[in-house]
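*Asks:* no sequence on hand, only this structure:
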């Protein structure tokens, strides 16, 4: 039955009444109308029928299969990176990066002199520019590239992921301590959903480096912690992505550490912060 | 220190809510293709802005609002680039024509513009008028009117379509 002859105001009032959105006074009025007015009752039934039918239609819409690619895109979407305090951060916070006016002036003058000097030197030796460029390119590969290369190699060999398994922690400690010259502990990172899988020894920048490998969740995501006596150019923590691999490194006076994982793992910095306190 | 599992959950939540997000997107966008594109865009925004979500209330409310905003932006963009283009035809289909439609999507998309979203938010997603109106960015009074229209429209086609679909 259709109730198109009713007034729009009555339609809206009954519609709101159905949802419990009418106030007490309205509710009582509508209830009285539904008892006494056949037209109001017909309208009530009509709205109710529309609601029931609409719900069924929307329920059917839910049964349609989702595009797999859409699910995959969301599952693998990289999470935003957040600032995490790593061991070196305290030192950095103590430093003020805002220069005074005098410092700014001195820096400008120094830059001017230095720039002029370099410009003059290059201008008088034009043939040397190209050679210098190629040297820079040759030096651009650093020890972190070695770390990434090894990580990528071993994570693609799930059956040969580790040299010594997690069931022999004593052997791992003795072997890697001797091999790298760095005393360490195997961090328990279960709070980050990581299960220790085992360890490896490899070389990065011609120095022996230890590699502790962890697995995460059902997806089998591999997260690794590397440590070595390599001294990088900077002691500041480094966060980088190379070849789809995320890196977070930090240094202590005794060693340099790197947490390595897929670039989609947004919590590498958090894992690094935890590992720094446990290793 | 932030809890990593908390940050991971937004993606799991999104995947779990995907059918509902897609359904809401369909009521806004009008075609499955545009709806999927809209869902992808909104999920990406939600992941990037996940720190804005404080865990208060229903996450669907936040996501639906993001989606409505994203769709409004998209409409504006399309109007600028293609001034002559009109939204997908809605509200021009008669009740008799609707009753011959086979799929639920076709019935939803044939509702006059804006009615399907309004109906979905209250009668399917169980939002109160105020919250649902806020999600769609319209006054509560206008929202109530549209909801009533949607119910009456669905009521007109209900018996015939039900028989055909059975």
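*Replies:* Received the coordinates, thanks. Fair warning: this is a prediction, and the values are worked out from it, not measured in the lab.

*Asks:* in what helix or strand does the closest residue in space to residue A:194 that isn't next to it in sequence lie?
*Replies:* Leaving out its chain neighbours, the residue that sits closest to residue A:194 by CB to CB, 6 or more residues apart in numbering or on different chains is residue A:214, at 3.9 Å. Where C-beta positions appear, they are placed from N, C-alpha and C, glycine not excepted. Following DSSP states H and E, one finds residue A:214 within strand A:207-216.

*Asks:* the residue nearest to residue A:194 and residue A:177: what is the separation?
*Replies:* 19 Å (CB to CB, to the nearest Å).

*Asks:* these two: which is more packed in?
*Replies:* residue A:214 (25 against 13; other CB atoms under 10 Å in any protein chain shown).

*Asks:* residues touching the residue nearest to residue A:194, list them.
*Replies:* A:189, A:194, A:195, A:196, A:197, A:222, A:223, A:224, A:225 (CB atoms under 8 Å, 6 or more residues apart in numbering or on different chains).

*Asks:* follow-up on the earlier one: pairing partners for the strand holding residue A:214, with directions?
*Replies:* strand A:194-204 (antiparallel), strand A:221-228 (antiparallel) (DSSP bridges).

*Asks:* so which of these is the most packed in?
*Replies:* strand A:221-228 (a mean of 24; mean count of other CB atoms under 10 Å in any protein chain shown).

*Asks:* mind giving me the packing neighbours of whichever helix or strand comes after it?
*Replies:* Tracing the chain past strand A:221-228, the next element assigned as helix or strand by DSSP H and E is strand A:238-242. Judged by 3 or more CB pairs under 8 Å, 6 or more residues apart in numbering or on different chains; DSSP states H and E, strand A:238-242 is in contact with helix A:143-155, strand A:245-251.

*Asks:* what's the spacing between strand A:238-242 and its chain's center?
*Replies:* Offset of strand A:238-242 from its chain centre (CA atoms, centre = their mean, to the nearest Å): 12 Å.

*Asks:* now render the contacts of residue A:214 as a markdown table, adding pLDDT.
*Replies:* What follows is the contacts of residue A:214, written out as a markdown table (pLDDT from 0 to 100):
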| residue | pLDDT |
| --- | --- |
| A:189 | 90 |
| A:194 | 90 |
| A:195 | 91 |
| A:196 | 92 |
| A:197 | 92 |
| A:222 | 90 |
| A:223 | 92 |
| A:224 | 94 |
| A:225 | 94 |
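
*Asks:* so which residue is dead centre in chain B?
*Replies:* With distances taken as CA atoms, centre = their mean, residue B:24 lies nearest the centre of chain B, 2.6 Å away.

*Asks:* just want the angle from the helix or strand harbouring that residue to strand A:194-204.
*Replies:* Assigned by DSSP H and E, residue B:24 falls within helix B:4-29. Relative orientation of helix B:4-29 versus strand A:194-204 (axes from the mean of the first three to the mean of the last three CA atoms, to 10 degrees): 100 degrees.

*Asks:* just the buried positions in helix B:4-29, please.
*Replies:* Within helix B:4-29, the residues that qualify as buried by neighbour count (16 or more other CB atoms under 10 Å in any protein chain shown) are B:4, B:7-11, B:13-15, B:17-18, B:20-29.

*Asks:* show me where pLDDT drops low in the stretch 51-200 of chain A?
*Replies:* The stretch 51-200 of chain A contains residues with pLDDT under 70 at A:81-98, A:123-141.

*Asks:* again, 80 this time
*Replies:* A:61-64, A:66, A:75-102, A:108, A:113, A:116, A:119-142 (pLDDT under 80).

*Asks:* thinking again about what came up before, run the chain-centre distance for the helix holding residue B:24.
*Replies:* 13 Å.

*Asks:* mind checking if the next helix or strand after that helix is in reach of chain A?
*Replies:* Later in the chain than helix B:4-29, the nearest helix or strand by DSSP H and E is helix B:32-48. Yes: against chain A, helix B:32-48 shows contacts by CB under 8 Å from any CB of the partner chain at B:36, B:39, B:40, B:43, B:44, B:47, B:48.

*Asks:* which positions in the next helix or strand after helix B:32-48 come out as buried?
*Replies:* Next in sequence after helix B:32-48, counting helices and strands by DSSP H and E, comes helix B:59-81. By 16+ other CB under 10 Å, the buried positions in helix B:59-81 come out as B:59-68, B:70-71, B:74.

*Asks:* near chain A, from these?
*Replies:* Among the buried residues of helix B:59-81, none lies close to chain A by the criterion of CB under 8 Å from any CB.

*Asks:* mind putting these into a markdown table with pLDDT and distance to residue B:117?
*Replies:* Output for the buried residues of helix B:59-81, formatted as a markdown table (pLDDT from 0 to 100; distance: CB to CB, whole Å):
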| residue | pLDDT | distance to residue B:117 |
| --- | --- | --- |
| B:59 | 89 | 18 |
| B:60 | 91 | 13 |
| B:61 | 91 | 14 |
| B:62 | 91 | 16 |
| B:63 | 93 | 14 |
| B:64 | 95 | 9 |
| B:65 | 93 | 12 |
| B:66 | 92 | 14 |
| B:67 | 95 | 10 |
| B:68 | 94 | 8 |
| B:70 | 93 | 14 |
| B:71 | 93 | 10 |
| B:74 | 90 | 15 |
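
*Asks:* so which of the helices and strands packed on strand A:238-242 is the most surrounded?
*Replies:* When those are compared using mean count of other CB under 10 Å, strand A:245-251 is most buried, at a mean of 23.

*Asks:* what packs against it?
*Replies:* For strand A:245-251, the elements it packs on are helix A:143-155, strand A:238-242, strand A:256-262, helix A:268-278, judged by 3+ CB pairs under 8 Å, 6+ apart.

*Asks:* just put the ones you listed in CSV and tack on distance to residue A:7.
*Replies:* Output for the helices and strands packed on strand A:245-251, formatted as CSV (distance: least, CB to CB, whole Å):
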stretch, distance to residue A:7
helix A:143-155, 70
strand A:238-242, 64
strand A:256-262, 63
helix A:268-278, 61
